[in-house]
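A.B. asks: predicted model, plus sequence, below.
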Amino acid sequence: MTGILEGTRVVEFSRLIAAPLCGLTLEDMGAEVIKVEPPEGDYTRTLEPIVAPGVSAYFQMLNRGKRGVSVDLRDEGGRELARRLIDSADVVVESLGEGRTALGTGYEEASSRNEKLIWCSISGYGRGQAGRAIDPTLQASMGMMALTGEPDRPPMRLPVPLVDFMTGMYAISSVLGAMLRVRSGGSGALLDCGMVDSAAVLASSVGVHAVNGSALRRMGTQNPWYVPAANFEASDGQWVQVMAVTEHHWRALCGALDHPEWLEDPRFAGNEQRVRNRDAIHELLAEAIRGDTAERWEAAVTAAGGFCQRIREIEEAWSDPLLAERGLVTEIDGEDLGALSVPVASLADRGADGPRQRAPRLGEHTGELAAELGL
């Protein structure tokens, strides 16, 4: 997929995660991406892990390969540079919220000069909607927290910013769809990508029950529709996640655990019966799995054709050679970074050879781009 967007200029007025992820993916597809920041820089420049003075690996992960401009939109010179960058763009990606008025221009005015312009606006609840949103507040407001945790314990936050990353992917697909229309001879577009849209999609598998009068409640690691499905502790103190979706998976699990008699038990004759008797089967599974190590059960159940995965700590998960083989971890090329590895984050192009270009220093290309634009 390398180079499919070669010759495309993306100007990204971005902060935090969603808009930078959109720009990063377009860069991985071959676009030139110009990241425009305020004088104090994107907040993610300060996020851990700090791998060198003033260098955040988090910022590198989301902004590698881009050119960097710093402008003060309170200053007419800064606004003029922003306007000229917009006029030079094929795509504008911004997550400025109400702050977009500081640009001194918008889609309507800019598209009058370039009818092919694609303007992707990323916000909490959509353009023109009141309210402020970040990932955890949308997890809260869309019912995701209410479904996370044990039944007798308080709601919990998902510890990864799913809504932010989903919004970035939503913006990417919207931009690519609009670019296809432009390349087919159509006009540009104003794209309204709300984080609330992404949160609703993420929660739609449970939302379909809520809007039809059968709202779900949190069940810990269990599943409302399939049994068995839960986490179990093995003899070595490690945990495994076990699930059987079909009768094939159930038979494989019973065979691997050396309990063929469960297949003859009328309480477990099918998934419907197992759902009604979930406590009984989970108790039997818990006792059986305590009889050997997590690694043993993972290997045995998987080999038999079932689902059983040892629950790994995050550092072990990210040291798995498969991630490097799949191109999901990359090195960043920068004289001040040393050997810095980061997750690829973008799913657009995982086949690049060698290290990726580092993220820009704050304002690194401001003078260069100003000169290109005649300022």
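C.D. replies: Thanks, I have the structure now. Source: prediction; values computed, not measured.
A.B. asks: so what does Pro155 have for phi and psi?
C.D. replies: phi -60, psi 160 (degrees, to the nearest 10).
A.B. asks: quick one, what contacts the closest residue to it other than its chain neighbours?
C.D. replies: Here the nearest residue to Pro155 in space, its sequence neighbours aside, is Met145; by Cβ to Cβ, 6 or more residues apart in numbering that works out to 4.2 Å. (C-beta placed from N, C-alpha, C; glycine too.) Neighbouring residues of Met145 by Cβ atoms under 8 Å, 6 or more residues apart in numbering: 136, 139, 155-158.
A.B. asks: can you redo those as TSV with pLDDT?
C.D. replies: Shown next, in TSV, are those (pLDDT from 0 to 100):
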residue	pLDDT
Pro136	94
Gln139	94
Pro155	95
Met156	93
Arg157	93
Leu158	90
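A.B. asks: quick one: buried ones out of the residues you listed?
C.D. replies: Gln139 (16 or more other Cβ atoms under 10 Å).
A.B. asks: which of the contacts of Met145 fall in helices?
C.D. replies: Mapping the contacts of Met145 onto helices (DSSP state H) picks out 136, 139.
A.B. asks: how about the contacts of Met145 in JSON lines, adding distance to Gly291?
C.D. replies: Formatted as JSON lines, the contacts of Met145 follow (distance: Cβ to Cβ, whole Å):
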{"residue": "Pro136", "distance to Gly291": "40"}
{"residue": "Gln139", "distance to Gly291": "38"}
{"residue": "Pro155", "distance to Gly291": "34"}
{"residue": "Met156", "distance to Gly291": "30"}
{"residue": "Arg157", "distance to Gly291": "35"}
{"residue": "Leu158", "distance to Gly291": "32"}
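A.B. asks: ramachandran coordinates for the residue nearest to Pro155?
C.D. replies: Dihedral angles for Met145 - degrees, to the nearest 10 - are phi -70, psi -40.
A.B. asks: over to Trp262?
C.D. replies: phi -60, psi -30.
A.B. asks: my read is that it contacts Gly255, right?
C.D. replies: No: judged on Cβ atoms under 8 Å, Trp262 makes no contact with Gly255 at a distance of 9.8 Å.
A.B. asks: neighbour-wise, which of those two wins?
C.D. replies: Taking other Cβ atoms under 10 Å, Trp262 and Gly255 do not tie; Trp262 has more neighbours (20 against 17).
A.B. asks: residues contacting Gly68?
C.D. replies: Going by Cβ under 8 Å, 6+ apart, the list of residues near Gly68 reads 34-35, 37, 359-366.
A.B. asks: of those, which one scores lowest on pLDDT?
C.D. replies: Here the lowest pLDDT out of the contacts of Gly68 sits on Glu364, with 88.
A.B. asks: so that residue, which of the three states?
C.D. replies: Recorded secondary structure, Glu364: coil (DSSP: H, G, I helix; E, B strand; the rest coil).
A.B. asks: all helices for the stretch 51-200 of the chain, in order.
C.D. replies: 57-63, 76-87, 107-113, 135-141, 162-183, 195-202 (DSSP state H, counting those that start in this stretch).
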